[in-house]
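Enquirer: mind folding the following:
(4 chains)
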There are 2 protein chains.
Amino acid sequence: MTAEPRPATTGGPLSALTEDDLGSPAQRDRRKRILDATMALASKGGFDAVQMRAVAERADVALGTLYRYFPSKIHLLVTALIREFGRALERLERTPIPGETQAEGVLYVLSRNTRSLQRDPQLTEAMTRAFMFADTSVAAEVTEVGRLLERMLTAAMGVEEPSEEDKAIARVIGDVWLSNLVAWVTHRASAEDVSNRLELTVRLLLGPREAR
Amino acid sequence: MTAEPRPATTGGPLSALTEDDLGSPAQRDRRKRILDATMALASKGGFDAVQMRAVAERADVALGTLYRYFPSKIHLLVTALIREFGRALERLERTPIPGETQAEGVLYVLSRNTRSLQRDPQLTEAMTRAFMFADTSVAAEVTEVGRLLERMLTAAMGVEEPSEEDKAIARVIGDVWLSNLVAWVTHRASAEDVSNRLELTVRLLLGPREAR
DNA sequence: GGCTGAACTGGAACACGTTCTTATACTGGC
DNA sequence: GCCAGTATAAGAACGTGTTCCAGTTCAGCC
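Expert: All right, here's what the predicted structure looks like:
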């Protein structure tokens, strides 16, 4: 019911539009409505319930418009994940991280985020599976998720100028965290399993090393 | 073009049939033809090229039969992955693992398997993405992959009766390995990146700990 | 106020995973 | 060799992601 310039040059976007690519307020609003609709549907029925026609209808947008903003269901869901992680990172950067050691800080951040995701299993399932299924066309978005995660974890480690090694450790922890999240989402690991494995991983990577 | 008892009680299998569920030789053969067809198609065009109609045709089997043996495309590809990992494990258990330390043994096994998968990028893409996308209905198969990986890595560590901690370490390394494989498959990491990250991970988990 | 081009709408069309139906072929038991 | 039951074949049918098209609406410019 409107039309403004810019969501893409004709021919279709190569990847989801970033927020600041959108000029007009109406377009920002459409984009937000789409992401909100996506999350509402995901929250209710998981990955399968995020049906493009349903998202379009709920966001009050034509199907073609939805595809103009997000070139695929996967882009859509991974972008939603980026938004969520971005918000989590903001919250994180606003509050001090408890814990004496790096390990404690990291575990605090991990379990906080894990719990937060576990509060909405269906939504988590939808975003996680999309993230894992993403192919090369979603590389930019997936990379962005990785960056956010890295920032969260290096922040949790209490370093402001992370070295390459710090980043590498953060990446390893992030990999393990995501793996366990997937295992939890697919019912192959309980919440307690996840928590135990994360503790062990962090201990091995950041904690004191006992004799072997 | 035949018919023997058993591939499933009527109503459809809950998960892919295991090899030993199949009684008749003709059925074993069908199953093998299906998996071979799957891998041939995957090898040529990756995940998208593994189309159920194409698999059925190539395996010389009706579409309905294909679905009787494997209840979904994901089951099919993850089962192919199990077969591959099983073979890799067999090969592994037949040859001694070089390297003085645990870290060296693990790195040897990791890089050997990584190279082997990288030799057929499309096939790896297909199997990896199926594995990552798998939902709860494929939990058994996914768990089996995890078990195989764990056995490969504990063998690489040179322990025959792995302790819980050994297994946990193997799981962490497996998680990181798979993450990096996915990153490679989606062109977010080069082969060298993968190799560097694995080295670092193994060093952190199994190697000498330097001052921090 | 009218023009132009891009964005949006509504809906048809298409592809592929999955399910279902009907007929035929095979197997094991008698 | 015949029967009963199940597996398979062949293909139609359905759902959902994705693409496409014709028509409409809007923003910026004269």
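Enquirer: so which helix or strand takes in the closest residue to A:T201 other than its chain neighbours?
Expert: Nearest non-adjacent residue to A:T201, counting by CB to CB, 6 or more residues apart in numbering or on different chains: A:V176, 4.8 Å away. In this view, the C-beta of every residue, glycine as well, is placed from N, C-alpha and C. According to DSSP states H and E, A:V176 maps onto helix A:164-185.
Enquirer: show me what that helix is packed against.
Expert: Packing contacts for helix A:164-185, counted by 3 or more CB pairs under 8 Å, 6 or more residues apart in numbering or on different chains; DSSP states H and E, involve helix A:102-118, helix A:121-133, helix A:139-157, helix A:191-206, helix B:164-185, helix B:191-206.
Enquirer: what do you get if the cut-off is 6 Å, keeping everything else the same?
Expert: helix A:121-133, helix A:139-157, helix A:191-206, helix B:164-185 (3 or more CB pairs under 6 Å, 6 or more residues apart in numbering or on different chains; DSSP states H and E).
Enquirer: and of these, who's closest to DNA strand C?
Expert: helix A:121-133 (12.6 Å; CB to the nearest atom of the strand).
Enquirer: show me what the closest one is packed up against.
Expert: helix A:25-49, helix A:73-94, helix A:164-185.
Enquirer: now the last one: buried residues?
Expert: Read that as helix A:164-185. Residues A:166-185 are the ones in helix A:164-185 that count as buried (16 or more other CB atoms under 10 Å in any protein chain shown).
Enquirer: starting at the chain centroid, how far to that helix?
Expert: Taking CA atoms, centre = their mean, to the nearest Å, one finds helix A:164-185 lying 13 Å from the centre of the chain it belongs to.
Enquirer: give me the most central residue, chain A.
Expert: Centrality entry for chain A: nearest residue to the mean C-alpha point is A:L81, 3.2 Å, by CA atoms, centre = their mean.
Enquirer: can you put the helices and strands packed on helix A:164-185 in TSV and add distance to DNA strand D and mean pLDDT?
Expert: Shown next, in TSV, are the helices and strands packed on helix A:164-185 (distance: least, CB to the nearest atom of the strand, whole Å; pLDDT from 0 to 100):
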stretch	distance to DNA strand D	mean pLDDT
helix A:121-133	10	98
helix A:139-157	14	96
helix A:191-206	28	96
helix B:164-185	18	96
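Enquirer: next, the angle from the helix holding A:V176 to helix A:102-118.
Expert: 30 degrees (axes from the mean of the first three to the mean of the last three CA atoms, to 10 degrees).
Enquirer: dump the C-alpha coordinates for helix A:164-185 into CSV.
Expert: C-alpha atoms of helix A:164-185 as CSV (Å, rounded to 0.1, in the frame of the first residue of the first chain):
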residue,chain,number,x,y,z
GLU,A,164,44.3,-13.2,17.9
GLU,A,165,44.6,-15.9,20.5
ASP,A,166,41.7,-14.4,22.5
LYS,A,167,39.6,-14.3,19.4
ALA,A,168,40.5,-17.9,18.5
ILE,A,169,39.5,-19.1,22.0
ALA,A,170,36.3,-17.2,21.7
ARG,A,171,35.6,-18.8,18.4
VAL,A,172,36.2,-22.3,19.8
ILE,A,173,33.9,-21.6,22.7
GLY,A,174,31.3,-20.2,20.3
ASP,A,175,31.5,-23.3,18.1
VAL,A,176,31.0,-25.5,21.1
TRP,A,177,28.2,-23.4,22.3
LEU,A,178,26.3,-23.5,19.0
SER,A,179,26.9,-27.3,18.7
ASN,A,180,25.4,-27.8,22.1
LEU,A,181,22.5,-25.5,21.3
VAL,A,182,21.7,-27.5,18.2
ALA,A,183,22.0,-30.7,20.3
TRP,A,184,19.5,-29.3,22.8
VAL,A,185,17.2,-28.1,20.1
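Enquirer: about what we covered before: out of the helices and strands packed on helix A:164-185, which gets nearest to B:E199?
Expert: For the helices and strands packed on helix A:164-185, the distance to B:E199 is smallest for helix B:164-185, at 11.0 Å, taking CB to CB.
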